[in-house]
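Visitor: Curious how this folds, go ahead:
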Amino acid sequence: MTKKGIERTVIIIIAAVVLVALVMIPVGSYIYYRATLPHIDRVTTVLVESEADLSVPSGLTADELNEYASSVKDSLVVTAVYESGRELIVAGSSYEVSFDNAPRGDERTCADKIYPMRVTLDVAYEAVGTLDVFGQPRIEAEESTIVGGRAQTENGVGMAGAFDAITTNASDNYVEFKVWVSEATSADLRMRAANGNLKGDTSDGGSAWMDELSLSAVGRLTVNGESVAIPSSAVIPGSDAVTGSWASLYAIFYDVDICGINLGAGENTVRFSIIDSGDPDYDNAWNSPAGMNIDYFEVLPNAAPEGETPERLALSGIASETEIEPGQPFDDVFSSGGRIAAVYGEGRIRYVGDDELTVTSAPATASGRAQPGGRYTLTATLDGTNASASVTAYADGTVTADNSYSVSVVGGSVTTENGRTFAGSFNTNNKPVNSVTFGIYMDGAATVDLVLSVSNGYLTIAREDGDTTYYKMSALPLDDILDVSINGTDADISGITLPESAENTNSTSLYGNFVDVTIEAVELKEGENTVELSLHRSESGLQTCWENRNEDGDAGDDLPNESPVINVESLKTVFAGTADAE
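Guide: Numbering: from 1, shown residues only. Below is the predicted model of the structure:
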């Protein structure tokens with residue numbers, strides 16, 4: 001063989017060896033190799049949110065916990081965040097779900113522990129996201145053991161009810177459930193229930209109502225067979241009187257804190273019984289002992305492990321990125337719609353009350369409320385510890401008429417028609433005050449444009465054609481019926497006119513034509529600002545085609561027809577230099 005032949009043979013052998021090696025490399029390793037190259041956009045973060053308020057049922061084995069993980073997969077929203085900043089929603093087929101802190105051996109899942117859910121996007125990328133999931137505090141009554149009543153569903157709410165033969169024997173009517181905890185602890189027991197203490201009679205035009213129902217009088221509670229006292233403060237409130245059907249009164253549910261209970265390590269049996277108290281105050285309209293409908297119970301461990309300090313705070317039902325309303329207090333983000341727990345060693349938890357937290361924001365604000373268009377990192381810290389949890393909160397730039405934190409309506413009401421919510425039903429002829437007041441909370445002083453969304457209420461008759469009447473909204477100079485003050489100083493709205501509308505035989509539809517009007521270059525101060533819209537009778541004597549009537553239906557004051565008004569939908573704050581300002 002010649003020298004060239006030998007070289008050619010060596011090259012062929014080397015090429016063959018490399019080819020075999022490449023074939024034997026696992027695909028995942030090849031992907032991982034590509035992922036480490038500088039020009040590849042790698043996944044750096046996996047965000048995990050749930051569309052449901054997840055909690056791990058109490059009493060599951062390790063295998064059952066794995067089954068639960070598979071069952072909740074469809075409720076997850078998993079987002080891959082890349083080095084470049086781009087984000088991609090990941091399909092369920094592209095990740096696996098498991099739980100940390102899973103039970104071992106004969107252990108069961110417990111209500112006093114946390115089970116971080118681990119979402120593995122791709123083992124090659126080693127991209128993992130987690131979601132804190134608490135041991136289940138809520139036990140649905142309809143899924144519990146029910147004696148003397150039955151499980152039922154009304155208006156989409158499952159419940160235990162129909163306790164129709166209530167006696168003085170606590171064994172005749174009860175709801176019983178089991179709960180596991182990892183060690184002996186105390187817990188708050190809460191019940192969501194609807195009153196059954198109906199009084200009155202709606203026949204012959206009468207009325208009916210619910211009187212309050214004391215659980216200490218009509219209820220008995222045992223934990224593991226031992227009686228537990230129910231305090232007198234545990235009361236299901238009464239209701240207002242109604243005429244006609246009283247069935248809806250049985251579907252008004254309240255959260256009632258029954259009491260604190262002591263639980264032993266492992267399995268616990270909790271029974272709530274409904275009894276005949278013998279007190280006629282708790283007999284219903286048919287002179288039978290009053291019952292109740294029970295939606296669910298909650299068992300909320302409240303004791304810290306002895307001698308331990310919490311490692312962190314965990315959130316359930318509070319999204320890591322959440323939208324809040326302009327003017328909403330930051331404290332409210334952590335106190336509404338979710339749960340907060342302090343996490344200790346081995347994943348043990350205790351639930352934390354709002355009064356134990358201090359909430360701070362970045363950037364800091366003087367008011368502790370959200371500026372329109374503001375974006376904040378909110379941190380809740382457990383008082384006396386370093387345990388904390390943070391969320392990102394952002395507020396819309398528009399304050400809507402139904403904003404309970406920042407809007408006050410006098411002389412009118414907030415209503416929704418054709419998908420739009422607004423303040424309306426004003427009458428400046430017969431109501432002394434007609435106003436909409438917006439509160440705007442600012443992180444710092446700024447010059448802004450204020451954009452009002454309003455609809456014209458100067459309804460007139462355009463023409464009549466036989467029996468058909470055609471209506472229109474005539475052009476309305478806004479300052480003729482409206483004063484605007486900002487922090488007590490009158491704003492100039494002269495020259496702003498709401499346009500005339502097209503003709504329509506349906507006069508009502510014309511009130512829904514909202515337009516934007518802008519008050520330019522408004523100086524707002526740091527903290528709270530007040531923008532008041534005060535409606536008044538037309539200064540030039542403009543009248544609509546509606547006959548002026550007062551609330552009793554009688555003829556109104558000296559104007560034969562009503563003065564024009566407006567409907568107010570929202571107030572938008574536009575900062576200089578933003579796209580809206582341009």
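Visitor: Just say helix, strand or coil for the residue nearest in space to the middle of the chain.
Guide: Closest to where the C-alpha atoms of the chain average out (CA atoms, centre = their mean) is residue 337, at 5.1 Å. Secondary structure, DSSP: H, G, I helix; E, B strand; the rest coil: residue 337 is coil.
Visitor: Without its sequence neighbours, what residue ends up closest to it?
Guide: residue 317 (5.9 Å; CB to CB, 6 or more residues apart in numbering). Any C-beta I mention is one placed from the backbone N, CA and C, and that applies to glycine too.
Visitor: who's in contact with that neighbour?
Guide: Residue 317 makes contact with 53, 337, 338, 339 under the criterion CB atoms under 8 Å, 6 or more residues apart in numbering.
Visitor: Identify the residue nearest the last one in space, chain neighbours excluded?
Guide: What sits nearest to residue 339 in space, not counting adjacent residues and going by CB to CB, 6+ apart, is residue 316, at 4.5 Å.
Visitor: do the same with residue 221
Guide: residue 228 (4.5 Å).
Visitor: and the one you found, what is it in contact with?
Guide: So residue 228 contacts 221, 222, 259, 261 (CB under 8 Å, 6+ apart).
Visitor: Over to residue 88?
Guide: 79, 80, 82.
Visitor: And residue 340, by the same measure?
Guide: Applying CB under 8 Å, 6+ apart to residue 340 gives the contacts 313, 314, 315, 316, 318, 334, 351, 352, 357, 380, 389.
Visitor: Now with 10 Å, please.
Guide: With contacts defined as CB atoms under 10 Å, 6 or more residues apart in numbering, residue 340 is in contact with 313-318, 334, 349, 351-354, 356-357, 380, 382, 389.
Visitor: hmm, which of those residues are the buried ones?
Guide: 313-316, 318, 334, 349, 351-352, 357, 380, 382, 389 (16 or more other CB atoms under 10 Å).
Visitor: Select from those residues every entry located in helices.
Guide: Among the buried ones among the contacts of residue 340, the members found in helices (DSSP state H) are residue 334.
Visitor: so which of the buried ones among the contacts of residue 340 comes closest to residue 276?
Guide: residue 351 (34.2 Å; CB to CB).
Visitor: Bridged to the residue nearest to the closest one when sequence neighbours are not counted, which residues?
Guide: Nearest-residue entry for residue 351: residue 300, 4.4 Å, with adjacent residues in sequence omitted and distances by CB to CB, 6+ apart. Using DSSP bridges, the bridge partners assigned to residue 300 are residue 188.
Visitor: correct me, but residue 236 touches residue 256?
Guide: Yes: with contact defined as CB atoms under 10 Å, residue 236 and residue 256 form a contacting pair (5.9 Å).
Visitor: Find the residues that touch each one of those two.
Guide: 191, 192, 193, 213, 215, 219, 292.
Visitor: The fourth one pairs with what?
Guide: Taking DSSP bridges as the rule, residue 213 bridges to residue 236.
Visitor: coming back round to it: residue 236 and residue 256 - which one has more neighbours?
Guide: residue 236 (27 against 20; other CB atoms under 10 Å).
Visitor: List the contacts of that one.
Guide: 191-197, 210-215, 218-219, 252-256, 290, 292.
Visitor: can you rerun that using 7 Å?
Guide: Each residue near residue 236 by CB atoms under 7 Å, 6 or more residues apart in numbering is listed here: 193, 195, 212, 213, 254, 256, 292.
Visitor: what's the distance between the closest residue to the third one other than its chain neighbours and residue 260?
Guide: Nearest-residue entry for residue 212: residue 238, 4.3 Å, with adjacent residues in sequence omitted and distances by CB to CB, 6+ apart. Using CB to CB, to the nearest Å, one gets 26 Å for the distance from residue 238 to residue 260.
Visitor: One more: residue 375?
Guide: In this view, residue 375 and residue 260 are 40 Å apart by CB to CB.
Visitor: Also residue 91?
Guide: Taking CB to CB, one finds residue 91 at 45 Å from residue 260.
Visitor: So between those two, which is more surrounded?
Guide: Just comparing residue 91 and residue 260: by other CB under 10 Å the higher neighbour count belongs to residue 260, 14 against 8.
Visitor: my guess is that one contacts residue 190, does it?
Guide: No: if you go by CB atoms under 7 Å, residue 260 and residue 190 don't touch, sitting 10.7 Å apart.
Visitor: What average pLDDT does the helix or strand where residue 254 lies get?
Guide: Using DSSP states H and E, the element containing residue 254 is strand 253-263. Averaging pLDDT along strand 253-263 gives 95.
Visitor: what residues does that strand touch?
Guide: By CB under 7 Å, 6+ apart, the residues outside strand 253-263 that reach it are 179, 181, 184-194, 215, 221, 223, 228-231, 234-237, 295.
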